[in-house]
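K.L.:
Give the three-dimensional model of this entry:
(chains A and B)
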Amino acid sequence: MSSIIDVRGLTKSFNEIIAVDDLTFMIKEKEVYGFLGQNGAGKSTTIRMLLSLIRPTTGTIRIFGLDLSSHRKEILKRIGAIIEKPDLYKYLSAIENLNLFAAMSGLKLNRKQLMEKLEKVGLAERADSKIKTYSQGMKQRLGIAVSLVHDPDLIILDEPMNGLDPQGIADVRNLINHLSKDLGKTVFISSHLLSEMEQVADSLLIIHKGKKIAEGRMQELLNPEQTRIEIEAKSVKELEQQLKQTKWGNKIVSTNGHILIMQLEKEEIPLLIQQMGELGSAIYSIQKKNSLEDYFLSLTAK
Amino acid sequence: MMSLLRIEIFKIFRKPRTYIAFAVIALIIILIQVALKFGGEEYVGLMLSGMGNSFEDIPTKNILNGYLVCFIILNLLLIHVPILVALVAGDAVAGEANMGTLRLLASKPVSRVQLLIVKFTASFFYTMLLLIWMALLALFLSIVLFGVNWLGVPRELQFNIMEADDVMWRYGLAFCFAAIGLTCVAALAFMLSVFSDNSIGPIVITVCVIIVFTILTQMQIPFYDETIKPYLFTTHMLGWKGFFYVKGVDGETVKGSIENLPAIIKSAAILVGYTAVFLGIGFWYFNRKNILS
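P.N.:
Residues are numbered from 1 along each chain as shown, chains lettered A, B, ... in the order given. So this is what the prediction gives:
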């Protein structure tokens, strides 16, 4: 698969503050690429540079094989985006907003075509209502409809699940899967909802304080072979001391109140359970912690 | 480009605030017309009081006609209409930034220059509609209410008289000149709008600039006449009056004459120059602007 986005050495500084620092990454065609980072990590600045809203201080951006600085219009024609929140014209109706942004992308759609697009995001019944009467979730769905109205090849979604209820989140998740798996679109998505990201993204890029700290396929990053477990015990101190006298001692990561955290290989878990039973410690629970959230926190807490 | 322009005009006329200016102009003009209809004689008497007794024998109704009423209205309004123009031009870019729609617009396959061209053209279109609205009410409604006759324009120590058939073309040119002046104000508000992410700022700054400059323009202090006034665009916005200042020979008006046409052309050129500078700065900055709103 060819690369859709190829970013090299991207840096943006605002006076003395470096918002994005020497960022390099590549997104392949038809991939759902997750973009993670804490608030202020530089995600939105990066996305704005990809959309030509902010000029990079240094570095290059190539999208669809073209240089963004010299082929801005050709590139933007093929991108649909939601940036931060889906702010639209509050004094216009949903169908007017959709029509307006379709026209800005050079499309002339009739009411029937516009209604079909609104139907897909569940807003057809409120097509003629002004946006100011919409809930946050409805605005978010309309924002998605606006970003998809011109059938783009690359979809950039900045926090698309913000303000959505669980059903809305599930709908967006299904939509992203549909866009990628069924329609072959490339999706670049940033979100702070790590569990959702875990479910939709094929690859991940994690940035912290403007710098890339991890990148790769989701499965490789989460490393299912190396498992993190949390053991809740009656006396964590006693358990820790007992384990330190065995081969498990060097697998202990930390303790936190009634919880002992260990990192070991998946096959070692039954052996550990057996050993703890022999040691006679009172164990209340053992939980496997191999989520994106744990991985993300372990990286950004450094 | 035309499609983008249609979108911009559509957006302007879907905003309720757009109609405030039309309502305000209608209200002020109608109030002036009502006042002159019922108290016009006193007003004309006051106006002629400094002219000696040369006009004592002329019936007030001959002096107070549609043409004079329009002149009075323009004299009062043309200095305040810019404030209404600023309401829309100052909101053109900053309003989008404030709403959060600017980032969506700027990420569409439209160049920033194109985006600004259509936005300013839409502001210009609104300004022209406002002027036409003013012309309809101030000139044509006044003609309907007060009829037509010769036009007497009071000046310092003199009174320029134009025959009824020598007036309409002057109003046509005066409104064209006003269009140049108002476009200059629209360009100023538009430029400030590009620098801001909130429309209140550019609107208030434009209004303040107009108020301060107008006060300076009207101050009768000789020092300012040479040093500051020639450089203020508000000074040149009064150039429309020049079309009603006529040449005279032996105390008689020369029909179809304009006293100082070069001065009017110079004022118009200066206003066009200011407009170009304001727009140039706005375009230059917007092309380099990081859109963070």
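
K.L.:
Run through the residues of the stretch 151-293 of chain B sitting next to chain A.
P.N.:
Neighbours of chain A within the stretch 151-293 of chain B, by CB under 8 Å from any CB of the partner chain: B:R288, B:N290, B:I291, B:L292. Quick note: C-beta positions are derived from backbone N, CA and C, even for glycine.

K.L.:
Please, a ChimeraX command that selects the buried ones among those residues?
P.N.:
To isolate the buried ones among these in ChimeraX, judged by 16 or more other CB atoms under 10 Å in any protein chain shown, type:
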select /B:291
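
K.L.:
Including secondary structure and pLDDT, could the residues of the stretch 151-293 of chain B next to chain A go into a markdown table?
P.N.:
Formatted as a markdown table, these follow (DSSP: H, G, I helix; E, B strand; the rest coil; pLDDT from 0 to 100):
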| residue | secondary structure | pLDDT |
| --- | --- | --- |
| B:R288 | helix | 88 |
| B:N290 | coil | 88 |
| B:I291 | coil | 85 |
| B:L292 | coil | 84 |
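
K.L.:
Dump the residues of the stretch 151-293 of chain B next to chain A to TSV, plus distance to B:L173.
P.N.:
Output for those, formatted as TSV (distance: CB to CB, whole Å):
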residue	distance to B:L173
B:R288	39
B:N290	44
B:I291	42
B:L292	45
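
K.L.:
got the contact list for the closest residue to chain B within the stretch 101-250 of chain A?
P.N.:
Going by CB to the nearest CB, chain B is nearest to A:M104 of the stretch 101-250 of chain A, at 4.5 Å. Contacts for A:M104 (CB atoms under 8 Å, 6 or more residues apart in numbering or on different chains) come out as B:L4, B:I7, B:L105, B:K108, B:P109, B:V110.

K.L.:
Skip the chain neighbours and tell me the closest residue to the residue of chain B found nearest chain A.
P.N.:
In chain B, the residue that lies nearest chain A is B:G100 (2.8 Å; CB to the nearest CB). In this structure, B:G100 finds its nearest non-sequential neighbour in A:D87, 2.8 Å apart by CB to CB, 6 or more residues apart in numbering or on different chains.

K.L.:
Now for residue 153: which residues touch it?
P.N.:
Because you didn't say which chain, this covers chain A. A:I4, A:F64, A:R78, A:I79, A:K185, A:T186.

K.L.:
actually it's chain B I care about, not the one you picked
P.N.:
Taking CB under 8 Å, 6+ apart as the test, what B:V153 contacts is B:L68, B:F71, B:F159, B:N160, B:I161, B:M162, B:K241, B:F244, B:Y245.

K.L.:
on that earlier part again, surely the residue nearest to B:G100 and B:T101 touch.
P.N.:
Yes: between A:D87 and B:T101 there is a contact under CB atoms under 8 Å: 5.6 Å.

K.L.:
for the residue in the stretch 51-200 of chain A positioned nearest to chain B, helix, strand, or coil?
P.N.:
With CB to the nearest CB as the measure, A:D87 is the residue of the stretch 51-200 of chain A nearest to chain B, at 2.8 Å. Secondary structure for A:D87, judged by DSSP: H, G, I helix; E, B strand; the rest coil, is coil.

K.L.:
Quick check: phi and psi on it?
P.N.:
phi -80, psi 120 (degrees, to the nearest 10).

K.L.:
Same check on A:N256?
P.N.:
Torsion angles, degrees, to the nearest 10, at A:N256: phi -150, psi 100.

K.L.:
gap between it and A:V236?
P.N.:
The spacing between A:N256 and A:V236, counted by CB to CB, to the nearest Å, is 8 Å.

K.L.:
Likewise for B:L192?
P.N.:
Distance of B:L192 to A:V236, computed by CB to CB: 64 Å.

K.L.:
Look at those two and report which has more neighbours.
P.N.:
Neighbours per residue (other CB atoms under 10 Å in any protein chain shown) separate B:L192 from A:V236, with B:L192 holding more: 25 against 17.

K.L.:
check contacts around the more buried one.
P.N.:
So B:L192 contacts B:G90, B:A94, B:G201, B:P202, B:I205, B:T206 (CB under 8 Å, 6+ apart).

K.L.:
isn't the third one right up against B:A97?
P.N.:
No: B:G201 is not in contact with B:A97 according to CB under 8 Å; the separation is 10.6 Å.

K.L.:
These two: which is more packed in?
P.N.:
Taking neighbours as other CB under 10 Å, B:G201 and B:A97 compare with B:A97 leading, 22 against 16.

K.L.:
Now do the buried residues in stretch B:264-281.
P.N.:
B:I264, B:S267, B:A268, B:I270, B:L271, B:Y274, B:T275, B:F278, B:L279, B:I281.

K.L.:
Now do the contacts for the first one.
P.N.:
So the one you mean is B:I264. B:I264 neighbours (CB under 8 Å, 6+ apart): B:F177, B:G239, B:G242, B:F243, B:I258.

K.L.:
Tell me, how many residues neighbour B:C184?
P.N.:
Residues contacting B:C184 under the criterion other CB under 10 Å number 26.

K.L.:
Which strand or helix spans it?
P.N.:
Following DSSP states H and E, the helix or strand that holds B:C184 is helix B:168-195.

K.L.:
gap between the following helix or strand past that helix and the chain center?
P.N.:
If you walk from helix B:168-195 toward the C-terminus, the next helix or strand you reach (DSSP H and E) is helix B:200-218. Offset of helix B:200-218 from its chain centre (CA atoms, centre = their mean, to the nearest Å): 14 Å.

K.L.:
List the buried residues in helix B:200-218.
P.N.:
Buried-residue list, helix B:200-218, by 16+ other CB under 10 Å: B:G201, B:P202, B:I203, B:I205, B:T206, B:V207, B:V209, B:I210, B:F213, B:T214, B:T217.

K.L.:
Ok, stretch B:119-130 next?
P.N.:
B:K119, B:F120, B:A122, B:S123, B:F124, B:F125, B:Y126, B:T127, B:L129, B:L130.
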